[in-house]
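# Show me the folded form of this:
(one chain, ligands or ions: 2)
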Amino acid sequence: MKNSIEKLCKIANKESRIIIGLMSGTSLDGLDIALCGISGSGRETRAELMEFVTLPYGSVFRERIREVFAKKDGALEKVCLLHPWIAREHAGMVLKALEDWGRLPAEIDIVASHGQTVYHAPRSFHGYREFPNATLQLGDGDHMAEITGIITISDFRQKHIAAGGEGAPLAVYGDYLLFMDTTESRLLLNMGGISNLTFLPAGGSFDKVFCTDIGPGNTLMDAYVQKYLGLPYDKDARIASRGRLREGLLRSLMDDPFFRMPFPKTTGPELFNMDYLYKAIKSSGEGNDIPHEDILHTLAHFTVEGIAQCMAHLPGDMPIKGYVSGGGASNPLILQLLKKACPDLQFSDTSALGLHPDAKEAVLFALLANEMVSGSTETGGTVAYPWVGMGKISLPQ
Ligand SMILES: Nc1ncnc2c1ncn2[C@@H]1O[C@H](COP(=O)(O)OP(=O)(O)OP(=O)(O)O)[C@@H](O)[C@H]1O
Ligand SMILES: CC(=O)N[C@H]1[C@@H]2OC[C@@H](O2)[C@@H](O)[C@@H]1O[C@H](C)C(=O)O
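Residues are numbered from 1 along each chain as shown. Ligands and ions are numbered 1, 2, ... in the order given. Reported below is the predicted structural model:
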């Protein structure tokens, strides 16, 4: 092990590192793999996205995860089996991507592996006073390290919780390091399965930034079309665009204690799932035979209404430029509704900042790994956003 520790020290002291960031989000669409060249650390960080790919999951992978995903009473044996299995699947995908890019594992300093969140339970959700905030990502780093032969950093969210946070959103760290600007106040809005935002006031220090989960992004729309229409998602909102808004349903969807909780907060499909939708339909007074188109159209409004509600908490006395990312940034109906709901917000996607909108979250984990090995904790931090070294280190043999 001494050799590996010495190698890690060398990596920590290098001027620049090649780090692969991996993210598998709540949509279960595939593994995002970002090959990054990163130099410096903290506010001196410079990152270049050298390669990026999303390797789609097959149906077996998706179904196996779904057996435990966001389920209160998941079978413990399955959780146990999935922990190494997911890591091994992801490791195979990393090796495949490296081969496609014509690169060898030996060229890579670190793999930063988020794993797969299967359950997210902040105390505000689980409700047990005697238990802390909790979250569970499967995909053990030792398996990744052993199979790829690359030092692996994984399981980033536990340290955040240990230091007082909810384990999410971690986006704030990467957004701050890469996008803080001296003159432009920026809003980074990620619309994945769950949507979240980071607000970076111009020239502000880390304790002035604000980051929170908002509510559903695509998760309810995806769950609905998967269940009733056998589609992975409503591509380009073709179905939703044919529908109309059901005001009663939107009111019921917004009528949940989650939306009355103060920011910052976190959530996931443990709350925003089909049961949530069924309950809202029942109490909406819209009847039981709302057409698919209208449900999907109203769910798109629901996503945007949550975003608009959250944005009302941002300072109103300065111009803010918005940068969107995540799959929702490719949904024309969401973008159209967002423009209507927030007419003063000028926005484009994060490629205007030099980062592919689908790659942002995978790059985040590469940045967190870089901070873990060569950052300091002097940047400050707050209880909601503690600035701590996150992730656990796995050394290959
Ligand atoms: N062309 C498109 N039209 C409509 N929706 C789209 C389009 N492309 C992607 N999406 C949506 O984006 C989703 C994938 O988004 P993304 O990959 O950002 O999610 P994720 O990373 O899994 O989520 P999270 O950030 O919550 O973990 C798809 O499931 C789909 O709903
Ligand atoms: C617990 C968990 O995996 N949360 C994810 C999820 O997907 C979006 C949103 O909910 C966000 O809180 C988070 O991911 C991003 C990468 C984050 O931590 O910033």
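
# right, is stretch 313-325 up against ligand 2?
No. Stretch 313-325 is not in contact with ligand 2 by CB under 6 Å from any ligand atom; minimum separation 10.3 Å. Quick note: C-beta positions are derived from backbone N, CA and C, even for glycine.

# send the alpha carbons of stretch 260-275 over as PDB?
What follows is stretch 260-275 as a C-alpha-only set of coordinates in PDB (Å, rounded to 0.1, in the frame of the first residue of the first chain):
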ATOM      1  CA  ARG A 260     -43.500  25.600   2.400                       C
ATOM      2  CA  MET A 261     -40.200  24.500   3.900                       C
ATOM      3  CA  PRO A 262     -37.500  27.200   4.000                       C
ATOM      4  CA  PHE A 263     -34.600  27.100   1.600                       C
ATOM      5  CA  PRO A 264     -32.100  25.500   1.300                       C
ATOM      6  CA  LYS A 265     -33.600  22.000   1.200                       C
ATOM      7  CA  THR A 266     -33.100  18.700  -0.600                       C
ATOM      8  CA  THR A 267     -35.400  16.200  -2.100                       C
ATOM      9  CA  GLY A 268     -35.700  13.200  -4.500                       C
ATOM     10  CA  PRO A 269     -38.000  10.700  -6.000                       C
ATOM     11  CA  GLU A 270     -38.700   9.400  -2.500                       C
ATOM     12  CA  LEU A 271     -41.200  12.300  -2.300                       C
ATOM     13  CA  PHE A 272     -41.800  13.100  -6.000                       C
ATOM     14  CA  ASN A 273     -43.100   9.900  -7.400                       C
ATOM     15  CA  MET A 274     -46.300   8.400  -8.900                       C
ATOM     16  CA  ASP A 275     -48.000   8.200  -5.500                       C
END
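
# Check whether I5 really touches I393, as I assumed.
No. Assessed by CB atoms under 8 Å, I5 is found out of contact with I393, at 9.5 Å.

# So which of the two has more stuff around it?
The neighbour comparison of I5 against I393 (other CB atoms under 10 Å) goes to I393, with 19 against 11.

# what about stretch 113-130 and ligand 1, touching?
No. Stretch 113-130 lies out of reach of ligand 1 by CB under 6 Å from any ligand atom, never closer than 7.4 Å.

# Report the distance from that stretch to the chain centre.
In terms of CA atoms, centre = their mean, to the nearest Å, the centre of stretch 113-130 is found 14 Å from the chain centre.

# Buried residues in it, which are they?
Buried residues in stretch 113-130, defined by neighbour count with 16 or more other CB atoms under 10 Å: 113-122, 124-126.

# Show the end-to-end separation of that stretch, please.
30 Å (CA to CA, to the nearest Å).

# related to what we said a few turns ago, ok, which of the buried residues of stretch 113-130 also contact ligand 2?
Answer for the buried residues of stretch 113-130 near ligand 2 (CB under 6 Å from any ligand atom): 117, 120.

# Most widely separated two among the buried residues of stretch 113-130?
Maximum pairwise distance in these, criterion CB to CB, is 27.5 Å, between S113 and S124.

# Indicate the residue of the stretch 151-300 of the chain located nearest to ligand 1.
G192 (2.2 Å; CB to the nearest ligand atom).

# got a list of what the closest residue to that residue other than its chain neighbours touches?
Closest residue in space to G192, ignoring its immediate chain neighbours: G326 at 4.0 Å, by CB to CB, 6 or more residues apart in numbering. Residues near G326 by CB atoms under 8 Å, 6 or more residues apart in numbering: 190-192, 195, 217, 357-358, 360-361.
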